[in-house]
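Novice: Give me the fold of what follows.
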Amino acid sequence: MSAKKTAVYNSTGRLKRVLLGKPTFHKNIPVSDVARDLDDAGIRHDQAAKEKQHKELEDVFRELDIEISWVELEPERMPWQMFTRDFGVNTPDGILVGRFRYLERKGEEIAAKRTLEALGERLLPQQITRGAMEGGDCFWLDEETLVIGNGNRSTYSGFENAREILSEYGRRVFVIEFLSKWNHLDNNFSPLADKLALVNEDALPGYFFGILDALGWELIRLPGEYARTCEINLLALGDDRVLSFRGNRLNERLKALGLRVYDPEYSCFVAHGGGIHCSTFELEREP
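Specialist: Next up, the predicted model:
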């Protein structure tokens with residue numbers, strides 16, 4: 001059997017394979033401002049509705065012949081395990097397993113690593129052992145450049161650990177600092193197509209805009225209200241295709257730019273602060 005091409009070279013190349021998690025044991029846990037507000041309000045969603053909406057997400061990948069693998073679920077103990085994004089980050093050289101900041105999510109990286117090993121995916125021999133580094137904070141701007149957000153979830157020491165590891169592979173890593181209320185970087189920055197991205201101009205520092213400008217990115221600048229509703233939290237599928245969700249106010253604007261937008265119903269999860277990017281982990285993208 002040929003070795004799997006477990007690699008991501010950028011954030012917008014054609015997506016070939018993805019890791020998902022079923023919402024079987026999903027429930028809200030208050031690890032972000034949005035999730036805390038929902039918890040305080042006592043809002044709950046029907047399990048059947050969650051499963052139906054997640055199937056709509058799955059069906060987009062099936063329609064596009066993007067291969068789906070499934071993370072091994074740990075009953076009850078890990079209620080956010082369906083958000084596969086956060087256990088680590090894929091790289092051109094294999095997956096770097098990360099480390100969660102909050103106790104409520106610790107252990108998900110162990111289950112994910114066990115799943116990936118069983119699937120025969122390529123993992124880096126090193127993994128994050130200091131601080132926290134979560135995949136929702138990580139984006140490749142090009143094959144050599146990874147940015148890691150430092151807001152509510154990933155820490156500066158986690159960034160330093162990732163920089164040390166990836167420097168051995170010739171990659172450069174920058175930290176992007178923002179207030180904790182903005183949670184993960186993927187709520188505030190979303191590559192859509194080659195050198196085109198959404199960005200929350202209320203959250204992100206000027207030096208990040210400078211990095212993007214130097215690398216030739218065109219930016220669609222948005223106010224912070226779009227971050228609070230997960231409307232920036234999207235997934236580039238490659239070939240000018242974007243995975244969004246039904247009711248996203250940006251969908252028509254993206255179509256006007258020539259992008260093909262897929263919009264499964266995903267309101268149960270968006271309400272919890274869990275967007276499309278949160279729910280997916282790229283196993284393989286074309287360069």
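Novice: Tell me where this protein has helices.
Specialist: Counting by DSSP state H, the chain has helices at residues 33-41, 47-63, 108-119, 156-167, 206-214, 225-228, 251-256, 267-270.
Novice: Looking at the ones you listed, spot the one closest to residue 186.
Specialist: helix 225-228 (9.7 Å; C-beta to C-beta). To be clear about C-beta, it is placed using only N, CA and C from the backbone, and glycine gets the same treatment.
Novice: Other residues contacting the closest one?
Specialist: Contacts with helix 225-228, where a contact means C-beta atoms under 8 Å, 6 or more residues apart in numbering, come from 34, 182, 187, 188, 198, 200, 202, 203, 232, 249, 250.
Novice: now these as CSV including neighbour count, distance to residue 133 and pLDDT?
Specialist: Formatted as CSV, those follow (neighbours: other C-beta atoms under 10 Å; distance: C-beta to C-beta, whole Å; pLDDT from 0 to 100):
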residue, neighbour count, distance to residue 133, pLDDT
34, 22, 21, 60
182, 21, 17, 94
187, 31, 17, 96
188, 27, 17, 98
198, 23, 23, 99
200, 23, 21, 98
202, 16, 24, 98
203, 24, 19, 98
232, 26, 21, 98
249, 11, 31, 98
250, 19, 28, 99
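Novice: The residues you listed: which two are farthest apart?
Specialist: Across the contacts of helix 225-228, the longest distance by C-beta to C-beta is 18.5 Å; it joins 182 and 249.
Novice: Tell me what the nearest residue to residue 163 once chain neighbours are set aside is bridged to.
Specialist: Nearest residue to residue 163, sequence neighbours excluded (C-beta to C-beta, 6 or more residues apart in numbering): residue 173, at 4.1 Å. When assigned by DSSP bridges, residue 173 has beta-bridge partners residue 146.
Novice: Count the neighbours of residue 173 for me.
Specialist: 20 (other C-beta atoms under 10 Å).
Novice: Give the full set of residues in contact with residue 156.
Specialist: Residue 156 sits next to 131, 150, 175 when contact means C-beta under 8 Å, 6+ apart.
Novice: sorry, back to before: need the helices of the chain in a markdown table (columns: distance to residue 10).
Specialist: Converted to a markdown table, the helices of the chain look like this (distance: least, C-beta to C-beta, whole Å):
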| stretch | distance to residue 10 |
| --- | --- |
| helix 33-41 | 28 |
| helix 47-63 | 19 |
| helix 108-119 | 21 |
| helix 156-167 | 15 |
| helix 206-214 | 13 |
| helix 225-228 | 23 |
| helix 251-256 | 19 |
| helix 267-270 | 26 |
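Novice: Out of those helices, which is closest to residue 243?
Specialist: Across the helices of the chain, residue 243 has its closest neighbour in helix 47-63 (6.0 Å, C-beta to C-beta).
Novice: circling back to that earlier point, what sits against the residue nearest to residue 163?
Specialist: 145, 146, 147, 148, 159, 162, 163, 166, 167.
Novice: just residue 67 next, same as before
Specialist: By C-beta under 8 Å, 6+ apart, the contact list for residue 67 reads 16, 17, 18, 61, 283.
Novice: try residue 268
Specialist: Going by C-beta under 8 Å, 6+ apart, residue 268 touches 45, 49, 50, 53.
Novice: Thank you, goodbye.
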